[in-house]
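# this is a predicted model, with the sequence first.
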Amino acid sequence: MRFPPDYPYSPPSLRFQTKVWHPNVYENGDLCISILHPPIDDPQSGELPCERWNPTQNVRTILLSVVSLLNEPNTSSPANVDASVMYRKWKESKGKDKEYENIIKKQVALSKVDAEKDGVVVPLTLEDYVVKAKPPENNLELTDFYDDDYDMDNDEDDLEDDSSNEQYDDDSGNGDES
């Protein structure tokens, strides 16, 4: 992901470093996704202005959109027409047409080899993807964040003490005494 000098007013770009056979990924690895398109009105694109980049987007929202697009390609506006046609054929056949699936499996296998070279562990199961909370290192009880040891039982006493401060002398000199 590369960020332009005027980010967040202009969108970053995203390019895959490894080969990705996907309807919305160009041959050079650039990703075609509405959220990363500049916020201009382009009736030819078929995108609504609200689908394009805006400065409230951040890395998290970009990555969530990318994951969503990888899982559900936009075949109506493909960056890779061949992959789009193959994907639609695979989906319409309910997975019986294996051409698209075989390409994806080969790419996944190659990416695992690349990941291992880089010392990256690729999760293989849903359980591997889920981040498990680590138990606290010490045995201290977790307490309420807002618990500041303020004694709530004495609040009424404190209010009664403060009520005496409400009585004051009227030094305004307007002669009204109540």
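The structure has been received and is ready for your questions. Numbering: from 1, shown residues only.

# where in this structure is pLDDT low?
41-47, 136-178 (pLDDT under 70).

# for it, what spans make up the strands?
Read by DSSP state E, the chain holds no strands at all.

# find the residue at the geometric middle of it.
Central residue of the chain (CA atoms, centre = their mean): Arg60, 2.7 Å from the mean position.

# determine the longest helix present in this protein.
helix 99-117 (DSSP state H).

# quick one: residues in contact with that helix.
Outside helix 99-117, the residues within contact range by CB atoms under 8 Å, 6 or more residues apart in numbering are 18-21, 83, 86-87, 89-90, 95, 121-122. Yep, even glycine has a C-beta here, placed from its N, CA and C like the rest.

# what about Ala83, neighbour count?
Neighbourhood size, Ala83 [other CB atoms under 10 Å]: 22.

# which residues touch it?
Per CB under 8 Å, 6+ apart, neighbours of Ala83: 21-23, 25, 100.

# grab the nearest non-local neighbour of it.
Pro23 (4.8 Å; CB to CB, 6 or more residues apart in numbering).

# kindly report the same for Arg15.
Gly29 is the one closest to Arg15 (CB to CB, 6+ apart), at 4.4 Å.

# quick one: contacts for that neighbour?
15-20.

# same check on Ser13?
1-2, 4, 30, 36.

# what about 6 Å?
The contact partners of Ser13, taken as CB atoms under 6 Å, 6 or more residues apart in numbering, are Arg2.

# distance check, it against Pro4.
8 Å (CB to CB, to the nearest Å).

# nearest spatial neighbour of Ile40, chain-adjacent residues omitted?
Arg52 (7.5 Å).

# the one you found and Lys89, how far apart?
For Arg52, the distance to Lys89 - CB to CB - is 30 Å.

# which one of the two has more residues nearby?
Between Arg52 and Lys89, Arg52 has the larger neighbour count (other CB under 10 Å), namely 19 against 13.

# ok, that one touching His37?
Yes - contact criterion CB atoms under 6 Å: Arg52 and His37 qualify, at 4.7 Å.

# the nearest residue to Leu31 once chain neighbours are set aside: neighbouring residues, count only.
Nearest non-adjacent residue to Leu31, counting by CB to CB, 6+ apart: Leu14, 4.5 Å away. Here the number of neighbours of Leu14 (other CB under 10 Å) works out to 19.
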